[in-house]
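Peer 1: Test case, fold it:
(one chain, ligands or ions: 4)
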Amino acid sequence: VEIRTQLQVAMNQDQLEAYYQPIFSAETGHIVSVESLVRWRKDGNFISPALFIPIAEQTGQVIQLGEQMLRKVVRDLSEHAELQQLSVAVNVSPHQLARADFVNDLVSQLKNHKLKPEQLTIELTEAVMSSAGQTEERLRELREHGMHVAIDDFGTGFSSLAYLTQQPADIIKIDRAFTLGVETEGKQRNLLSKMIEMCKQLDKVVVVEGVETAEQVELFTALGVDRLQGFYFAKPMPLPQLLDLLRSTT
Ligand code: G
Ligand code: G
Ligand code: MN
Ligand code: NA
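Peer 2: Ligands and ions are numbered 1, 2, ... in the order given. Presented below is the predicted three-dimensional model:
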């Protein structure tokens, strides 16, 4: 059976789960945000989002998937006060963002659950962000409503400096590819340092992804990165485990 068919069954039966990966302040070491990540468990095994998200993008199923994830995240936020001090990030597909009712829908969900807009961060991958004005306008609306907007996988797409200055995003997540091997590669370290400097001059909150070693933590902190995310600190985890972690660290 094709993946798309199996995914449709999973969505119809509400089998997708939201996992959460914490994001830490480089300055205080506290958890300041969490990224929600879809998980699909099938016959006891996880199917990687790297496999089914691209398919869902092609078939348009990513819209339903994204709506389900947003509902789960909003529900989790509203049910757990521990999460309400944080901003919970949700990965959103450009197809989802393009829906005419996307912003209004989000705003009314937040209202219905008495949540503050800043408790939600919308993450959009740089590689798929089109230069079309519509994406930009949507992101601007989200910001005007008080939600945070993050550009994910920064450095992998086609953004020029001019493009970045125009983006209404307030958070930049530098792609994991730039983290890998940074301890030993002087050239890469210089490049990263320049990227961070550029983002900071634009008043962006800079997040580095894929942090796996203590040396990287030290290096990125020295380079002025605001937030750190990666396996060194924590892997994506189910909600009960995240709640335990939040209770034990705050
Ligand atoms: O969780 P993992 O690192 O395996 O995710 C692989 C890819 O799938 C990442 O690029 C991530 O952004 C994407 N992804 C994970 N969860 C979601 C989601 O809920 N919605 C969308 N659109 N993409 C997601
Ligand atoms: O594209 P996006 O940034 O949304 O991808 C998130 C994915 O990256 C998650 O599926 C998560 O499992 C993975 N990830 C998060 N931290 C690390 C890390 O430190 N190392 C590696 N290899 N993957 C990570
Ligand atoms: Mn992401
Ligand atoms: Na990323």
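Peer 1: list the helices and strands the longest helix belonging to the chain packs on?
Peer 2: Scanning the chain for the longest helix, with DSSP state H as the assignment, gives helix 61-79. Judged by 3 or more CB pairs under 8 Å, 6 or more residues apart in numbering; DSSP states H and E, the packing partners of helix 61-79 are helix 3-12, strand 16-25, strand 31-42, helix 49-59, strand 87-91, helix 94-97, helix 102-112, strand 120-125. All C-beta atoms are positioned from the backbone trio N, CA, C, and that covers glycine.
Peer 1: what separates it from the chain centre, distance-wise?
Peer 2: Taking CA atoms, centre = their mean, to the nearest Å, one finds the center of helix 61-79 at 13 Å from the center of the full chain.
Peer 1: Next: stretch 90-107.
Peer 2: Computed by CA atoms, centre = their mean, the chain-centroid distance of stretch 90-107 equals 14 Å.
Peer 1: That stretch near ligand 2 at all?
Peer 2: Yes: legend: contact between stretch 90-107 and ligand 2 by CB under 6 Å from any ligand atom is shown at N91.
Peer 1: Would that stretch count as contacting ligand 1?
Peer 2: Yes: shown here: stretch 90-107 in contact with ligand 1 (CB under 6 Å from any ligand atom) through 91, 93.
Peer 1: is that stretch anywhere near ligand 4?
Peer 2: No: figure legend: stretch 90-107 not in contact with ligand 4 (CB under 5 Å from the ion); closest approach 8.6 Å.
Peer 1: Mean confidence (pLDDT) on that stretch, please.
Peer 2: Across stretch 90-107, pLDDT averages out at 95.
Peer 1: got it, and stretch 58-65?
Peer 2: Mean predicted confidence for stretch 58-65 is 97.
Peer 1: so where's the protein shaky on pLDDT?
Peer 2: Scanning the chain for pLDDT under 70 picks out 127-133, 158-161, 250.
Peer 1: and the gap between whatever residue of it ends up closest to ligand 3 and E212?
Peer 2: Shortest the chain-to-ligand 3 distance, computed as CB to the ion: residue-wise this is D152, at 4.1 Å. Between D152 and E212 the computed distance is 18 Å (CB to CB, to the nearest Å).
Peer 1: So those two - more neighbours on which side?
Peer 2: A direct count of neighbours by other CB atoms under 10 Å for D152 and E212 places D152 higher, at 26 against 14.
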